[in-house]
Structures are given as C-alpha cells and as structure tokens.
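Student: Model the following, please.
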Amino acid sequence: MNKNSALLKNTLVSVVPFIGLLMVILIFFVTTDGRLFSSYNMSVLISQTVALAIICLGALFVYSLGEIDVSISAAVGVSTLIMIQIINAGYPLILGFLAALALMLVFGLLNGAASSWL
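Tutor: The predicted structure is shown next:
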C-alpha cells in the first residue's frame, strides 16, 4: 500500500500543475470571449517576451558561473526609464538606445567590480 500511495503522490505532483494551467487558460479564454489565442494577441505576447528572453539569456551566464545577480531588474528598469525620457524629450531613438546601452554597461562594470573586489 505504501508503494501505491507514493506512486499516486508522484502522479498527482506531476499532473496537478498542468491541470491548473489548463484551468487558467480556460478562464482567460472564457473571459476574453475567445480572443486569447488571436493572431494580434500572440504577436504582442511574442514581441514582449523577446526582451525578457534576452535578459534571461544574459543572466544565464552569470548563474552558470555559480554567482547570483539580483540587480538585473533594477538596471533594466532604470535604463528603460532613461531611454523613454530621452525619446519623449524629442531626441532620436538611436540616442535613447545608446544612452540606455551605456547606462547598462556602467551598471554591469560597477556590479562586476563590486562583486569581484568585495
């Protein structure tokens, strides 16, 4: 009986998250009148996921070395705000991008210096 209960527990542990995911998808599908899987919504989801995927890929290198970096979200948030402020001030997009890139480079250098020398 003990092996059966362990097998049932392992099965439930592996199946219940998928059932929960299906329930969430069903709730969103019903509340959005079927627009959850529209081509527009999928293109928006994919375009918003790309930036997060690039950030996660960069963090993967840090984590694979056994280090941890919890300042990634703060650095990305601040550089995004700087970029938005520059673009809203009427400057070209490339200038905002380069300013955000330079700010992220400074954050990275300071973070790397602090973690390796402290």
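Student: What confidence value was assigned to the residue nearest to the spatial centre of the chain?
Tutor: Using Cα atoms, centre = their mean, the residue of the chain that lies closest to the mean C-alpha position is L52, 3.8 Å off. On pLDDT, L52 comes in at 85.
Student: Contacts for stretch 77-97 next, please.
Tutor: With contact meaning Cβ atoms under 8 Å, 6 or more residues apart in numbering, stretch 77-97 is reached by A99, A100, L101, L103, M104, F107. For every residue, glycine as well, the C-beta is placed using N, CA and C.
Student: Quick one: end-to-end length of it, please.
Tutor: Start-to-end span of stretch 77-97 (Cα to Cα, to the nearest Å) is 14 Å.
Student: Which strand or helix spans the residue nearest to the centre of the chain?
Tutor: helix 39-64 (DSSP states H and E).
Student: what packs against that helix?
Tutor: On a contact count with 3 or more Cβ pairs under 8 Å, 6 or more residues apart in numbering; DSSP states H and E, helix 39-64 meets helix 72-88.
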